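> Show me the folded form of this:
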Amino acid sequence: MNSETIEIYHPRGVSNLGQWDIGGLKLKVYGLVADNKKVDGPMVTLAQSFVRQEVLPRVVDEGDDNGMGFVIIHPGELGVSISVHWWIQGSVLCQHIYRKLYSAAEPMDTVKRPVVACVWELALINAEQEAWRKTMMKSEPSPSGYMDAQLASKLHRDRP
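Predicted coordinates for the structure are as follows:
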């Protein structure tokens with residue numbers, strides 16, 4: 001283990017950036033920011049382009065999607081991550097990630113690198129699975145209940 005790479009946990013700001021309907025996929029959008037970072041217009045445009053060009057074909061290829069999911073736009077300490085998640089088969093979460101170091105000319109190869117998410121993104125992913133379970137995995141699923149579930153304020157208060 002390389003102890004030089006261990007970080008000390010500090011909460012990061014989470015914001016609700018609305019909802020997108022791209023190619024029939026309804027997505028809740030979150031901003032998750034490290035100190036002194038922000039989600040800006042070019043990041044949002046990049047995330048929308050990533051959904052259209054890279055995620056939608058994967059949704060189609062995977063099939064059996066539920067037409068809903070979420071996006072996390074995360075300007076972190078070292079670079080930006082955009083993770084797009086969508087639900088299939090009523091209970092399975094799929095993911096596709098874009099990661100680029102601020103100092104790099106090209107994004108990282110997320111196929112060869114087995115990254116799932118950082119600890120801050122995992123908190124959002126967990127909150128989303130709870131929202132899915134509570135609104136969709138019951139005798140009368142509520143797609144609007146899932147899409148309207150507001151998670152940012154709950155996570156922003158997270159303290160060590």
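
> Tell me the buried residues in the host helix or strand of S49?
Counting by DSSP states H and E, the element that carries S49 is helix 41-50. Buried residues in helix 41-50, counted by 16 or more other Cβ atoms under 10 Å: 43-44, 46-48, 50. For glycine as for every other residue, the C-beta is placed from the backbone atoms N, C-alpha and C.

> for those, which one is nearest L122?
A47 (18.9 Å; Cβ to Cβ).

> what residues are up against that closest one?
Contact partners of A47, counting by Cβ atoms under 8 Å, 6 or more residues apart in numbering, are 29, 71, 73, 82, 84, 98.

> among these, which are in strands?
29, 71, 73, 82, 84, 98 (DSSP state E).

> mind listing what the second one touches?
Spelled out, it's V71. 20, 27-30, 47, 51, 82-85.

> And for it, nearest residue in space, chain neighbours not counted?
V29 (4.7 Å; Cβ to Cβ, 6 or more residues apart in numbering).

> is it true that that neighbour touches I73?
Yes. Assessed by Cβ atoms under 8 Å, V29 is found in contact with I73 at 7.0 Å.

> Of these two, give the one with the bigger neighbour count.
I73 (25 against 20; other Cβ atoms under 10 Å).

> got a list of what the residue sitting nearest the centre point of the chain touches?
Nearest residue to the geometric centre of the chain (Cα atoms, centre = their mean): I72, 2.9 Å. With contacts defined as Cβ under 8 Å, 6+ apart, the neighbours of I72 are 30, 32, 81-83, 85, 121, 124-125.

> can you pick the most crowded of the residues you listed?
S83 (27 neighbours).

> Buried by neighbour count: which residues of the lengthiest helix in the chain qualify?
With DSSP state H setting the assignment, residue counts place helix 119-136 as the longest helix in the chain. Neighbour-count burial for helix 119-136 flags 120-121, 123-125, 127-128, 131-132, 135-136 (criterion: 16+ other Cβ under 10 Å).
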